[in-house]
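Asker: Structure, please.
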Amino acid sequence: MTTLELSLSEDAWMTVCEADRLTPGRGMAALLPDGRQAAVFRDRAGRTYAIDNRDPFTGAQVLARGLLGSAEGRPFVASPLLKQRFDLTTGRCLDDDGVAVTVYPVRVR
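Answerer: Next comes the predicted model:
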């Protein structure tokens with residue numbers, strides 16, 4: 001069994017789920033120990049990503065339900081509410097340079 005883990009700090013990893021529970025091209029939300037949520041994704045190439053699930057434009061916990069895509073070779077998720085796109089590797093909003101979400105390192109073990 002392989003698991004997907006998310007890094008909460010340099011030396012603290014949290015098991016999120018069995019890796020095969022992630023459907024390529026779709027996200028899922030994971031509850032973090034401090035009450036925040038992470039949006040976890042596996043793209044169709046098998047790469048995994050985790051970002052904050054909170055849409056900074058609306059405050060809603062919805063990014064896990066966004067649509068995956070790529071722009072200029074950069075993977076992103078588009079918020080299901082207002083459609084802003086967030087780079088899955090940097091957290092930067094591709095539509096507003098002044099906005100970003102937290103990115104969490106992930107690993108499959």
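Asker: Let me know how buried Ala71 is, in neighbour terms.
Answerer: Applying other Cβ atoms under 10 Å, we find 11 other residues in the vicinity of Ala71. Yep, even glycine has a C-beta here, placed from its N, CA and C like the rest.
Asker: wait, Leu4 sits on Val16?
Answerer: Yes. Contact criterion Cβ atoms under 8 Å: Leu4 and Val16 qualify, at 4.8 Å.
Asker: what sits against Ala78?
Answerer: In this structure, Ala78 makes contact with Gly66, Leu67, Gly69, Gln84, Arg85, Phe86, judged by Cβ atoms under 8 Å, 6 or more residues apart in numbering.
Asker: repeat for Pro24
Answerer: The neighbours of Pro24, taking Cβ under 8 Å, 6+ apart as the test, are Arg42, Asp43, Arg44, Gly46.
Asker: quick one: it from Arg54, how far?
Answerer: From Pro24 across to Arg54, the span is 24 Å (Cβ to Cβ, to the nearest Å).
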